[in-house]
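Student: got a predicted model here, sequence first, then my questions.
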Amino acid sequence: MTELRDTLARSGELLLHPGKVLLPEGPRSGMAIVVRDGRFAEVDTAERVGERNPHLTPIALPQYLLMPGFIDAHTHLTQSLGKSLVFGEPSEIFRRIWVPLEGSLDERMVYLSAKLAALECLRGGFTTAVDAGTRSAGHIGALVRAARETGLRSVVGLICNDLGGAAVVPDRETILKNAADHLAAFRDDGLVHPSLAISIPEVASDRMLADVSAMAGDAGAIFQTHVNEHLVAVERSLVANGRRPLEHLAHVGALGRHVLIAHSTLVTPRELNLLRDTGTAVAYNPVASLWKGNAVAPALQMAALGIRFGLGTDGTRADGFRLMDAAEGLQRAGFGLATGDSSCGGGWLWLDHATTQAADSVGLADITGAIRAGLAADFLLVDLDRPEFTPSHDLPWELVRYGNRDQIDAVFTAGKLRLWQGWPVDWDARALLAEVRDATADAIARAPIQRVHKPSIEHRALGHFA
């Protein structure tokens, strides 16, 4: 296996002969892939690819599935240092935990948090992650540096709040200048893609919501915000505006095909129509609903209506296979059981929305998300020689139900081997973990975090569990 790792890690062209390839239409055998200059140069039958490339030595991978890397449509790379602080907490943890924590991080801690999160993403099979924007004080460069060093393809949001919800809230002119600079800085970047973000609609003026959304759209970038996630936020919007948050975004002209709405768990039939008619995309975050949400986004109905959506972790658990399982499982529990829907979209639906449809939702359909000639070579080698996949009768369903990150042997982004059997091939992850352990306690102590519950052992000793 070490020899295979070294062969895959070599620079230059690769001619891969996997046992199966997960193409947009489904798994195929007898295929070959040429990786050249960070992209899929050829995807065709092994016979035809071999005839065109007699100078290349095939790398036989008979036990592997070559599949697109997962795309995390919504995460928070600078929340990894406090990830287990939120277990068992009431829903609006961003107000009591995330904003205080992120706002207290200095440049070093932003870098460590982002690098740890990026490592977790890659270990879970995510070759792309969409960061919703750090609320730390101007340390976005540290986040970008961490993403580059790990090789994680990243959509990096710049927070543009003008009414609060961040460590620093500049004046309008400064926000718009910073936004323009951010879009320009990564316009032609090969691995980092710019985005503009407003944390939630209530922390921005109507004018800022409209202007930032338009600026992102004009630049070919996405605009991100969290919408209709919690009941209290919906009620605050009704009191302040007479409209629900999603309705209010439509009212100010901030929706469109360039917009990615995180959560949308509490949506009315009218709001579903707004999403469909404007082409607005949704990040469906099933694990977030399980862990701290008020509701489950109606993803099956979104699919039926043609609403664009991808699967996101919301920074919860970085395992692409378990994310798909949660996505399907919550639809089954929340909607399928009541209607006798035994398929709940089928295994292929969740594979699509974790890869190709997610790429479309986050504005990267022309860059990644599928095994197709011309796209970036962002892919996984999944070991099918495992009990979970033996015997194999329906691989798409098996990947959704039986897949797990420890079955991923290789993770590639931009044609480069980044991880082998869960660990980076060109940097010391163990040293990172040691540094994170050494530095995190002080960082957490400095942050004005407010938890409702004590850690689980202390809470259990109190004898009540509310």
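Tutor: Arrived safely, thanks for sending.
Student: wait, Leu143 touches Val156, no?
Tutor: Yes - contact criterion Cβ atoms under 8 Å: Leu143 and Val156 qualify, at 6.5 Å. (Each C-beta comes from the backbone N, C-alpha and C, glycine too.)
Student: and for the two, which residues touch both?
Tutor: By Cβ atoms under 8 Å, 6 or more residues apart in numbering, Leu143 and Val156 have these common neighbours: Asp131.
Student: so, low pLDDT: which residues of the stretch 351-466 of the chain?
Tutor: Applying pLDDT under 70 to the stretch 351-466 of the chain flags the ranges 464-466.
Student: which intervals of this structure have sub-threshold pLDDT?
Tutor: Those would be 464-466, if you go by pLDDT under 70 across the chain.
Student: can you list the domain ranges for it.
Tutor: Structural domains assigned to the chain are 2-68+369-423, 70-361, following automatic domain parsing.
Student: of all these, which one is nearest Ala443?
Tutor: domain 70-361 (5.0 Å; Cβ to Cβ).
Student: now the helices for the stretch 51-200 of the chain?
Tutor: 93, 99-104, 107-123, 140-150, 172-185 (DSSP state H, counting those that start in this stretch).
Student: if we can go back for a sec, would a markdown table of the domains of the chain with distance to Lys454 be doable?
Tutor: Putting the domains of the chain into a markdown table (distance: least, Cβ to Cβ, whole Å) gives the following:
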| stretch | distance to Lys454 |
| --- | --- |
| domain 2-68+369-423 | 31 |
| domain 70-361 | 10 |
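Student: most tightly surrounded among these?
Tutor: domain 70-361 (a mean of 21; mean count of other Cβ atoms under 10 Å).
Student: and the end-to-end length of that one?
Tutor: 13 Å (Cα to Cα, to the nearest Å).
Student: just give the nearest non-adjacent residue to His251, would you?
Tutor: Nearest non-adjacent residue to His251, counting by Cβ to Cβ, 6 or more residues apart in numbering: Arg243, 5.9 Å away.
Student: ok, now Gln301?
Tutor: Nearest to Gln301 is Leu272, by Cβ to Cβ, 6+ apart, at 6.6 Å.
Student: show me what contacts that neighbour?
Tutor: Pro298, Gln301, Met302, Leu305, Ile307.
Student: can you confirm it is in a helix?
Tutor: Yes - under DSSP: H, G, I helix; E, B strand; the rest coil, Leu272 falls within a helix.
Student: next structured bit after the helix or strand hosting Glu247?
Tutor: Assigned by DSSP states H and E, Glu247 belongs to helix 245-251. Per DSSP H and E, the first helix or strand lying C-terminal to helix 245-251 is strand 259-263.
Student: alpha carbons only: can I get that following strand in PDB?
Tutor: Extracted as PDB, the C-alpha positions of strand 259-263 are listed here (Å, rounded to 0.1, in the frame of the first residue of the first chain):
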ATOM      1  CA  VAL A 259     -27.600  33.200  -3.600                       C
ATOM      2  CA  LEU A 260     -27.000  30.300  -1.200                       C
ATOM      3  CA  ILE A 261     -29.400  30.200   1.700                       C
ATOM      4  CA  ALA A 262     -28.200  28.100   4.700                       C
ATOM      5  CA  HIS A 263     -30.900  26.000   6.400                       C
END
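Student: who does it pair with, and is each partner parallel or antiparallel?
Tutor: Counting by DSSP bridges, the strands paired with strand 259-263 are strand 222-227 (parallel), strand 281-284 (parallel).
Student: I'd like these as a markdown table, with distance to Glu328 appended.
Tutor: A markdown table is the format used below for the strands paired with strand 259-263 (distance: least, Cβ to Cβ, whole Å):
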| stretch | distance to Glu328 |
| --- | --- |
| strand 222-227 | 23 |
| strand 281-284 | 11 |
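Student: wait, what's in contact with Phe221?
Tutor: Just so we're on the same page, residue 221 is Ala rather than Phe. Counting by Cβ under 8 Å, 6+ apart, Ala221 has contacts Leu183, His193, Pro194, Ser195, Leu196, His258, Gly363.
Student: surely the fifth one touches Gly220?
Tutor: No - the pair Leu196 / Gly220 is not scored as a contact, 11.8 Å apart, by Cβ under 8 Å.
Student: related to what we said a few turns ago, among the contacts of Leu272, which ones are in strands?
Tutor: Judged by DSSP state E, these include no members of strands.
Student: returning to that earlier point: of all the contacts of Ala221, which comes closest to Leu432?
Tutor: So of these, ranked by how close each gets to Leu432 (Cβ to Cβ), first place is His193, at 23.9 Å.
Student: for the closest one, list each beta-bridge partner.
Tutor: Val155.
Student: that one and Ala214, how far apart?
Tutor: Per Cβ to Cβ, to the nearest Å, His193 is found 18 Å from Ala214.
Student: that older thread, closest one to Ala431 among the domains of the chain?
Tutor: Across the domains of the chain, closest to Ala431 is domain 70-361 (Cβ to Cβ), at 10.8 Å.
Student: quick check: Thr127 vs Pro194, distance?
Tutor: From Thr127 to Pro194 the distance is 18 Å (Cβ to Cβ).
Student: kindly report the same for Glu47.
Tutor: 42 Å.
Student: can you give me how far stretch 313-323 is from the chain middle?
Tutor: 8 Å (Cα atoms, centre = their mean, to the nearest Å).
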